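Asks: I would like to see how this sequence folds:
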Amino acid sequence: MARPEQVLLLEPQHELKFRGPFTDVVTATLKLTNPTDRNVCFKVKTTAPRRYCVRPNSGIIDAGTSINVFGKDLCIFFAR
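Replies: Numbers count the residues shown, from 1 in each chain. The predicted model follows:
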């Protein structure tokens with residue numbers, strides 16, 4: 001089975017960094033860009049869904065456009 005081709009451009013490319021202080025919910029932004037001439041579906045998954053919230057976590061990116069996806073580190077709710 002062939003591996004699917006990477007279609008979306010990600011910024012940042014490798015990881016989201018959540019910067020403190022962690023006394024409140026901290027947000028990081030992931031920019032998804034669709035450089036193709038077709039609409040592209042996306043879905044974001046997290047390895048720790050109780051700690052991180054992603055919005056929107058799925059959707060459609062129109063051809064030639066970008067969207068911002070926001071990740072929230074919810075560790076403050078566990079620290080109290």
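Asks: so for F18, what's the pLDDT?
Replies: Predicted confidence (pLDDT) at F18: the value is 87.
Asks: helix/strand/coil for it?
Replies: Going by DSSP: H, G, I helix; E, B strand; the rest coil, the secondary structure assigned to F18 is coil.
Asks: just the one 10 residues further on next, same as before
Replies: With three-state DSSP as the basis, A28 sits in strand.
Asks: once you drop chain neighbours, what's closest to it?
Replies: L16 (4.2 Å; Cβ to Cβ, 6 or more residues apart in numbering). Using the backbone N, CA and C atoms, a C-beta is placed for each residue, glycine as well.
Asks: which ones are touching that neighbour?
Replies: Contacts were defined as Cβ atoms under 8 Å, 6 or more residues apart in numbering; by that measure L16 touches A28, T29, L30, G71.
Asks: 10 Å instead?
Replies: Under the criterion of Cβ atoms under 10 Å, 6 or more residues apart in numbering, the neighbours of L16 are L10, T27, A28, T29, L30, Y52, V54, V69, F70, G71, D73.
Asks: again with F70
Replies: Here F70 is in contact with L16, T27, A28, T29, L30, C53, V54, R55, P56 (Cβ under 10 Å, 6+ apart).
Asks: need those in CSV with distance to E5, can you?
Replies: Written out in CSV, the entries for those read as follows (distance: Cβ to Cβ, whole Å):
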residue, distance to E5
L16, 23
T27, 30
A28, 26
T29, 25
L30, 20
C53, 29
V54, 23
R55, 26
P56, 23
